[in-house]
Structures are given as structure tokens and as C-alpha cells.
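In: Got a predicted structure here, sequence first:
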Amino acid sequence: MNWGKTVTGLSAAMLVCMPAAMAEVAPGDVKIEDLKVAAAITDQAGNPEEGAKAFKDTKGGNCLACHANKAMPKDLFQGNVGPALDGVAGRYEPALLRAILVNSKAVFGPQTVMPGFYTLDVGKNVREESVGKTVLTAQQVEDIVAYLGTLKE
């Protein structure tokens, strides 16, 4: 019996049967190396339109609370705690943007006020209903990375 072919066949069969939601990297398994998360953390490509929604969602990413962005409607509050994100696609590659979204403290250091959006390492005094949960899903991270990729000058 050729075990290599059998295992490969079983793995392929398992992937075909696996629900789409299962094909993502768990928060604790995301590796930030050289200030980057090189590979996508879900197998579904990021959707810029969905990323724009998550970017401005006050119950999710709420990126506008800290970052201004000319591409967003002018009637939305836009903060100035973090840098403006206009032209961010020309300044940072997707792998760095992904790392910043996943765990900004691993990129900028513990002094940054930006939270990690796809990490369970969030510090103390976490609301009970939020323990063990990330702020964003893996797909929302990929969607926001795709949206930020559209912000060119």
C-alpha cells in the first residue's frame, strides 16, 4: 500500500467536505515574522466592499474611531489618534497591513493604543462575554486588507 497516496487522497477528501468557515488560521497559530503575516489567514480572498463595511462598523473594527480616510463618507466621524489611511496601499504591503490588523502590539510594541483585532492576547479585564473571542474574524481581516489595498493616492 502506498501510504503517501492514501494520506493525500484522504486529505483532499477532507478538504472538500470541510466547511468554508473551517479553512482559516486560528488566532494562536498566526505567525508574525519580520513584522509581516505573509499568507492570508483564510482561504477565501478578501472582498474590498466587505472590508469597507467592517472598517467603518462601530461594533466591529471601528477603524474610523482612530483613522481618517477620505474614501469614507464625510458625515462619518473620523478620528486622528492613528495616521490617516489615505494612500496606505502605496506605503505598506498587504503582509504588513495584515500583521498590524492581527496584532498591532507585535508590530509597534506594547505602547501602541491600537488593539489587536485577531489575537486572544488582549490583556487584562476583558469583558466576560468576550473572553476567548477575537474582535474581527479571519475573513474580516482579509476583507479589510483588501479594502486598504484600494486606498492609493
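Out: Cool, the structure landed.
In: which stretches of the chain form helices?
Out: 3-17, 48-56, 88-91, 94-108, 138-148 (DSSP state H).
In: With mean pLDDT and mean neighbour count added, can I get those helices in a markdown table?
Out: Heads up, the C-betas are built off the backbone N, CA and C, glycines and all. Putting the helices of the chain into a markdown table (pLDDT from 0 to 100; neighbours: other C-beta atoms under 10 Å) gives the following:
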| stretch | mean pLDDT | mean neighbour count |
| --- | --- | --- |
| helix 3-17 | 38 | 9 |
| helix 48-56 | 95 | 19 |
| helix 88-91 | 96 | 15 |
| helix 94-108 | 96 | 21 |
| helix 138-148 | 97 | 25 |
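In: so which of those gets nearest Val37?
Out: helix 94-108 (4.3 Å; C-beta to C-beta).
In: circling back: how about JSON lines for the helices of the chain, with distance to Gln78 added?
Out: Output for those, formatted as JSON lines (distance: least, C-beta to C-beta, whole Å):
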{"stretch": "helix 3-17", "distance to Gln78": "42"}
{"stretch": "helix 48-56", "distance to Gln78": "9"}
{"stretch": "helix 88-91", "distance to Gln78": "14"}
{"stretch": "helix 94-108", "distance to Gln78": "18"}
{"stretch": "helix 138-148", "distance to Gln78": "15"}
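In: Tell me which of those sits nearest to Phe77.
Out: That would be, of these and by C-beta to C-beta, helix 48-56, which comes in at 9.6 Å.
In: Centre of the chain to that closest one, how far?
Out: Here helix 48-56 is found 12 Å from its chain centre; the criterion is C-alpha atoms, centre = their mean, to the nearest Å.
In: Which residues outside that helix are in contact with it?
Out: Outside helix 48-56, the residues that touch it by C-beta atoms under 8 Å, 6 or more residues apart in numbering are 60-64, 69, 71-72, 76, 136, 139-140, 142-150.
In: try 6 Å
Out: For helix 48-56, contacts defined as C-beta atoms under 6 Å, 6 or more residues apart in numbering pick out Gly60, Gly61, Cys63, Leu64, Met72, Gln140, Asp143, Ile144, Ala146, Tyr147, Thr150.
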